[in-house]
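Undergrad: Sequence and predicted structure, then a few things I'm wondering about:
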Amino acid sequence: MSNDIQLFTVWTFITECSVPDDVSEMLIPGETAVCAYKTIRDIAIFTNKRLIVRDAQGITGKKIEIYTLPYSSIIMYSTENAGKILDLNAEVEMWTKAGKIKINLQKDIDIRALDKVLATYILN
């Protein structure tokens with residue numbers, strides 16, 4: 001892998017959550033939400049077609065920016081489960097046409113379930 005793909009962003013998923021109504025409304029025909037995860041203020045939604053990140057901004061969080069990453073833009077990805085003693089977070093790294101994305105997962109999130117979602121939609 002070339003070194004010119006820079007780290008684009010890092011997210012830490014804390015827990016699974018429901019899909020916000022404003023994101024559900026933007027799904028296209030034939031697109032369904034598969035799972036969603038909260039960060040501290042943001043929500044990442046994995047659909048059968050893309051990853052959508054709902055980024056709440058500003059003091060009140062009422063300003064919302066939406067990021068969309070079609071699975072076709074992912075060149076490669078890796079997953080790493082959490083260790084037992086000192087390593088409490090699992091990790092997902094995605095190398096994309098836009099750059100590298102790193103996702104840290106808190107201990108209660110099933111890394112292998114997320115791994116299966118990514119494999120299912122990236123490889124199909």
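TA: Thanks, I have it. Residues are numbered from 1 along each chain as shown.
Undergrad: For the rest of this, base every contact and every neighbour count on C-alpha atoms.
TA: Noted.
Undergrad: Could you grab the helix/strand/coil label for the residue nearest the centre of the chain?
TA: Nearest residue to the geometric centre of the chain (Cα atoms, centre = their mean): Ala44, 5.1 Å. What DSSP: H, G, I helix; E, B strand; the rest coil gives for Ala44 is strand.
Undergrad: Give me the pLDDT for it.
TA: The model reports Ala44 with a pLDDT of 94.
Undergrad: for Met76, same thing?
TA: Predicted confidence (pLDDT) for Met76: 95.
Undergrad: Tell me who's in contact with it.
TA: 94-96 (Cα atoms under 8 Å, 6 or more residues apart in numbering).
Undergrad: quick one, what contacts Pro70?
TA: 49-51.
Undergrad: Quick check: it vs Asp42, distance?
TA: To Asp42, Pro70 is 19 Å away according to Cα to Cα, to the nearest Å.
Undergrad: With Asp21 instead?
TA: Distance from Asp21 to Asp42, by Cα to Cα: 14 Å.
Undergrad: between those two, which one's more packed in?
TA: Asp42 (19 against 8; other Cα atoms under 10 Å).
Undergrad: Phi first, then psi, for that one.
TA: phi -110, psi 170 (degrees, to the nearest 10).
Undergrad: Mind pulling up the pLDDT for the closest residue in space to it that isn't next to it in sequence?
TA: In space, and not counting its chain neighbours, Asp42 is closest to Asp55: 4.9 Å by Cα to Cα, 6 or more residues apart in numbering. Note on Asp55: pLDDT of 86.
Undergrad: Asp55: how many residues sit nearby?
TA: 18.
Undergrad: go on, the one 10 residues further on?
TA: Applying other Cα under 10 Å, we find 11 other residues in the vicinity of Glu65.
Undergrad: Please, which helix or strand holds it?
TA: strand 63-70 (DSSP states H and E).
Undergrad: just how off-centre is that strand within its chain?
TA: 11 Å (Cα atoms, centre = their mean, to the nearest Å).
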